[in-house]
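>>> Quick one, what's the 3D model for this:
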Amino acid sequence: MARYLVLCLSACIVLIAGCATSAHVAQVQNDSADRVSVGTVQREIKIGMSSADVATALGAPNMVTTDGQRQEVWVYDRVSSEVRSSSSSGFGSLVLLGGESSSGAVVHSQRTLTIIVKFDQDQRVRDFAYRQSSF
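Here you go, the predicted model:
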């Protein structure tokens, strides 16, 4: 009977720990609607569209400057980092013997997206380019 009670308690602890992990992920996850992607640029940005439409599609630029023709240029520079980790630990009957084992791995990745939008004298898109990298 005591062994059954210990097994039930161990199962409950595992379930609670799993729920706690899900709660932590939900707290740190950033699903902001402010994400800009290559797909957004390809789908939304068109030659001749107004600067207001560009701002609606991509948000505020990181830098506003002028080129050699004295035309306005907007630069969007986005960097995102992601850290994924996986870990496992063994316990249960090992806890009764006083032992525990664990293992894990962490993967770091980073992505950059640079978008350059050039406007004409009427504040209409005359050209745009983008570059994406991941490492």
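
>>> Am I right that Ala52 falls within a helix?
Yes - using DSSP: H, G, I helix; E, B strand; the rest coil, the assignment for Ala52 is a helix.

>>> what's the burial count for it?
9 (other C-beta atoms under 10 Å). Backbone N, C-alpha and C define where each C-beta goes, glycine included.

>>> before we move on, what about the one 10 residues further on?
The number of residues packed near Asn62 is 12, by other C-beta under 10 Å.

>>> contacting residues around the closest residue in space to Ser109 that isn't next to it in sequence?
In space, and not counting its chain neighbours, Ser109 is closest to Glu82: 5.1 Å by C-beta to C-beta, 6 or more residues apart in numbering. For Glu82, the contact set (C-beta atoms under 8 Å, 6 or more residues apart in numbering) comprises 108-111.

>>> most surrounded residue in the residues you listed?
Going by other C-beta under 10 Å, Arg111 tops the contacts of Glu82 with 14 neighbours.

>>> give me the element that residue is part of.
Element membership for Arg111 (DSSP states H and E) is strand 101-119.
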